[in-house]
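J.: Next one to model:
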Amino acid sequence: MLLSTSVASRGCLNVAYPGQFSLAFACYWIFPSPKPDHLVELFGALREPPGFENTKERFNSLLDRWPPHAIVSFNGEVFEDLTGIPSSGYLRRITTGLFTGEYAPTGSVSYKVFQTYPAAWRFHKNAEQLRQESLRRIRQRILAG
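T.: Predicted coordinates:
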């Protein structure tokens, strides 16, 4: 990820913005690819080049350092990997509702996982509106507890 030194990005990184949420973004698979399937084609089952494997271990380390109230996934395969719930057809489900699961990295602490539209999803004529509505529903559920 490239970080800008602009006032806006410094405000975001320092959580110096109005609102109830601190947001952290983590790439589950850190090697860039247009589709996660391409990672398997390139590197096999590891999905990452040598030295960057252990995706869940890296993710769990982040959760240990900064335990969130919830996790929002922008990728169906990541959602599946975390929750064990098949994600096929999730786009239809999140158009008007929520698609959720649980992730318990240590067995004692569990996190609610929400699936939203993929970052590259843009082919629907109302893509931006649908994306915003999905994130609003997720926010409302998180705030409701």
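
J.: can you give me the helices in the chain?
T.: 7-13, 36-43, 55-65, 76-83, 90-94, 127-144 (DSSP state H).

J.: Tell me what angle the fourth one forms with helix 55-65.
T.: Taking axes from the mean of the first three to the mean of the last three CA atoms, to 10 degrees, one finds helix 76-83 and helix 55-65 inclined to each other by 70 degrees.

J.: Remind me what helix 76-83 packs against, helices and strands.
T.: Applying 3 or more CB pairs under 8 Å, 6 or more residues apart in numbering; DSSP states H and E, one finds that helix 76-83 contacts strand 70-73, strand 100-103, strand 111-115. (C-beta placed from N, C-alpha, C; glycine too.)

J.: ok, 6 Å please
T.: For helix 76-83, the elements it packs on are strand 100-103, strand 111-115, judged by 3 or more CB pairs under 6 Å, 6 or more residues apart in numbering; DSSP states H and E.

J.: Return the set of buried residues in the first one.
T.: Residues of strand 100-103 classed as buried under the neighbour-count rule (16 or more other CB atoms under 10 Å) are 100-101, 103.

J.: Nearest to residue 83 among these?
T.: residue 101 (2.9 Å; CB to CB).

J.: For that closest one, which residues are in contact?
T.: Shown in contact with residue 101 (CB atoms under 6 Å, 6 or more residues apart in numbering): 83, 85, 113.

J.: Distance check, the closest residue to it other than its chain neighbours against residue 99.
T.: Distances taken as CB to CB, 6 or more residues apart in numbering place residue 83 nearest to residue 101, at 2.9 Å, with adjacent residues excluded. Residue 83 sits 10 Å away from residue 99, going by CB to CB, to the nearest Å.

J.: thinking again about what came up before, nearest to residue 79, out of the helices and strands packed on helix 76-83?
T.: Closest of the helices and strands packed on helix 76-83 to residue 79 is strand 111-115, at 4.6 Å (criterion: CB to CB).
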